[in-house]
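Visitor: give the three-dimensional model of this entry:
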Amino acid sequence: MQPKSPATAKLAVKAASILAVGALTLTACGGTSGATPAAKDGIQLIESGKLTVCSDVPYEPFEFQKDGKIVGFDMDIAAEVAKDLNAELSVVDSSFEAIETGTALSQCDVSISSISITDTRKSVMDFSTPYMDDDLALVASQDSGIKNLDDAKGKKVGVQQATTGADYAKEKGIDAQQFEDTGLLVQALQAGTIDAALGNQSVLGYAIKDDSKLKSVEDYSTGEQLGISIKKGNAAMAEKVNATLKRLTDDGSLKKFQTTWFGDAAK
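Guide: Okay, here's the model as predicted:
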């Protein structure tokens, strides 16, 4: 997901609710009184004993609600980071604009939400080592007549706001309709209110895989890599997060998570 676009009502964190993975609970998210030291490693957590993670829900299959739980590829990684911190995982459902500008880190320990690592973002937050490559793709309805990006000009093309897909569309002269989240974007594509969607290969490929009326038109090698965002200067947290990602890579867990959520074609 990913640079900044015009603010909307979703710019603020959605209802300041904390969604606890495993059992969905709603509690006020502003009631903590500053950072509290964690039990070990010198890491400070916003709420003692909990790893608070900001994520833009839904963004299937990275993070979405299923059977009263927040699940997905990113959530599997978040759970492992929490486990290594000996902490409970709590997820704050945030707007992606708050996440990609770093604002969300005022109330979360980290943000895990399919965040593409960019120089602009690195100026306001730190990132973990990359955990997934994720370029862009254009998907369209079979009867749209769209075979490439030039064909999409003058057609109804949708993007998720504040993402690299939105930025890429603008760079290529596409006057795209912007959606608050990927769920709404995919719904519009499936309903036929837009002709095509431009966004990350992972999420759009997942969305259309079982829909014969939709097709992937083109992929664009933008070199995007996803990372976990951390408050700037928080070296202790960055070290712990990177250690978890290394463990998951070395023991094959990360590849297993990818296969679970994206299938055997996962990178």
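Visitor: ok but Ile174 is inside a helix, no?
Guide: No - read with DSSP: H, G, I helix; E, B strand; the rest coil, Ile174 is coil and lies in no helix.
Visitor: residue contacts, it?
Guide: 149, 152-153, 157, 198 (Cβ atoms under 8 Å, 6 or more residues apart in numbering). For every residue, glycine as well, the C-beta is placed using N, CA and C.
Visitor: what's the most distant pair in these?
Guide: Lys153 and Leu198 (11.8 Å; Cβ to Cβ).
Visitor: so for those two, which residue has more residues nearby?
Guide: Leu198 (29 against 13; other Cβ atoms under 10 Å).
Visitor: can you verify my assumption that that one contacts Val159?
Guide: Yes - with contact defined as Cβ atoms under 8 Å, Leu198 and Val159 form a contacting pair (5.2 Å).
Visitor: which neighbours do these two share?
Guide: By Cβ under 8 Å, 6+ apart, the residues touching both Leu198 and Val159 are 165, 169, 176.
Visitor: got the contact list for Glu63?
Guide: 55-57, 70-75, 91, 112-114.
Visitor: mind checking which of the residues you listed are in helices?
Guide: Cross-referencing these against helices under DSSP state H gives 73-75.
Visitor: buried subset of these?
Guide: For those, a burial check counting by 16 or more other Cβ atoms under 10 Å picks out 73-75.
Visitor: same list (those residues) but as CSV, adding distance to Asn242.
Guide: Putting these into CSV (distance: Cβ to Cβ, whole Å) gives the following:
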residue, distance to Asn242
Phe73, 18
Asp74, 16
Met75, 19
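Visitor: hmm, back to that, who wins for most neighbours among the shared contacts of Leu198 and Val159?
Guide: Neighbour max across those (other Cβ under 10 Å) = Gly165, 33 neighbours.
Visitor: how far away is the residue lying closest to Arg121 once chain neighbours are set aside from Ala166?
Guide: Sequence neighbours aside, Glu100 is the residue nearest to Arg121 in space, at 6.1 Å (criterion: Cβ to Cβ, 6 or more residues apart in numbering). Here the criterion is Cβ to Cβ, to the nearest Å. By it, Glu100 lies 11 Å from Ala166.
Visitor: so for those two, which sits in the more crowded spot?
Guide: Taking neighbours as other Cβ under 10 Å, Glu100 and Ala166 compare with Glu100 leading, 28 against 25.
Visitor: quick one on the thing from earlier: and the residue nearest to Arg121, its phi and psi?
Guide: phi -80, psi -20 (degrees, to the nearest 10).
Visitor: kindly provide the distance from it to Ala79.
Guide: From Glu100 to Ala79 the distance is 23 Å (Cβ to Cβ).
Visitor: and if you look at Leu51?
Guide: 9 Å.
Visitor: any common contacting residues for the two?
Guide: What both Leu51 and Ala79 touch, as defined by Cβ under 8 Å, 6+ apart, is the set Leu89.
Visitor: more crowded one of those two?
Guide: Leu51 (29 against 17).
Visitor: and that one, that one's in a strand?
Guide: Yes - according to three-state DSSP, Leu51 belongs to a strand.
Visitor: pretty sure it is touching Glu80, no?
Guide: No - taking contacts as Cβ under 8 Å, Leu51 lies outside contact range of Glu80: 10.4 Å.
Visitor: what is the neighbour count of Asp250?
Guide: Neighbours of Asp250 using other Cβ under 10 Å come to 9.
Visitor: pLDDT score assigned to it?
Guide: pLDDT recorded at Asp250 is 98.
Visitor: ok, Gly173 - contacts?
Guide: Lys153.
Visitor: make 863 the first number, not 1, from now on.
Guide: With 863 as the first residue, the last one maps to Gly1035.
Visitor: quick one, phi/psi of it?
Guide: Dihedral angles (degrees, to the nearest 10) for Gly1035: phi 80, psi 20.
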